[in-house]
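Colleague: would you be able to build a 3D model of this:
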Amino acid sequence: MKRLARACNRSTVRFGGVMFPYVALAKDKAWQPGPYQGVELMVLHKHETTGGLVVVRKFKAGHTIPAHAHPEANEWAYVLAGEWEESGTIYTVGALFFAPKGTRHGPHIARTEVISLTIFDGPLTVE
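Modeller: All right, here's what the predicted structure looks like:
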């Protein structure tokens with residue numbers, strides 16, 4: 001057990017003297033309108049080269065996002081809070097969704113307010 005404690009010492013896990021090369025704090029970020037009514041995004045990180053995004057997504061109760069595709073990015077969404085209905089099944093905290101680039105998915109229905117951590121590995125575009 002002592003060996004594990006030493007391995008987890010913060011001072012031993014560093015990149016060029018910095019604990020993590022990037023840190024985002026929600027208190028320093030603002031909610032902004034998402035691509036659909038009833039959706040807000042808090043952008044935690046945007047990759048300057050790929051346009052990829054890491055966002056916290058707030059999906060308001062009672063709203064439906066129509067079926068769509070992201071032609072330029074794969075999408076991963078991890079449910080942190082709420083109830084999300086997809087294809088007749090209700091998902092709650094701990095569900096992970098993956099939609100490959102260009103794959104049509106949805107509609108998504110927020111049965112309650114849903115908060116998810118969502119990652120796009122390219123620009124957030126919808127069609």
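
Colleague: which regions of this structure sit below the pLDDT cut-off?
Modeller: Filtered on pLDDT under 70, the chain yields the residue ranges 1-17.

Colleague: where along it do the helices fall?
Modeller: With DSSP state H as the definition, the chain shows helices at residue ranges 2-7.

Colleague: the strands in this structure, which residues?
Modeller: With DSSP state E as the criterion, the chain has strands at 32-33, 39-46, 53-59, 64-65, 75-81, 84-86, 89-91, 96-99, 108-110, 114-120.

Colleague: what's the neighbour count on residue 40?
Modeller: Residue 40 has 15 neighbours, counted by other C-beta atoms under 10 Å. C-beta coordinates here come from the backbone N, C-alpha and C atoms, glycine included.

Colleague: go on, residue 91?
Modeller: By the criterion of other C-beta under 10 Å, residue 91 has 19 neighbours.

Colleague: ok, residue 78 next?
Modeller: Using other C-beta under 10 Å, residue 78 is surrounded by 15 other residues.

Colleague: adding distance to residue 26, write the strands of the chain out as JSON lines.
Modeller: Formatted as JSON lines, the strands of the chain follow (distance: least, C-beta to C-beta, whole Å):
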{"stretch": "strand 32-33", "distance to residue 26": "13"}
{"stretch": "strand 39-46", "distance to residue 26": "7"}
{"stretch": "strand 53-59", "distance to residue 26": "7"}
{"stretch": "strand 64-65", "distance to residue 26": "23"}
{"stretch": "strand 75-81", "distance to residue 26": "12"}
{"stretch": "strand 84-86", "distance to residue 26": "21"}
{"stretch": "strand 89-91", "distance to residue 26": "23"}
{"stretch": "strand 96-99", "distance to residue 26": "21"}
{"stretch": "strand 108-110", "distance to residue 26": "20"}
{"stretch": "strand 114-120", "distance to residue 26": "11"}
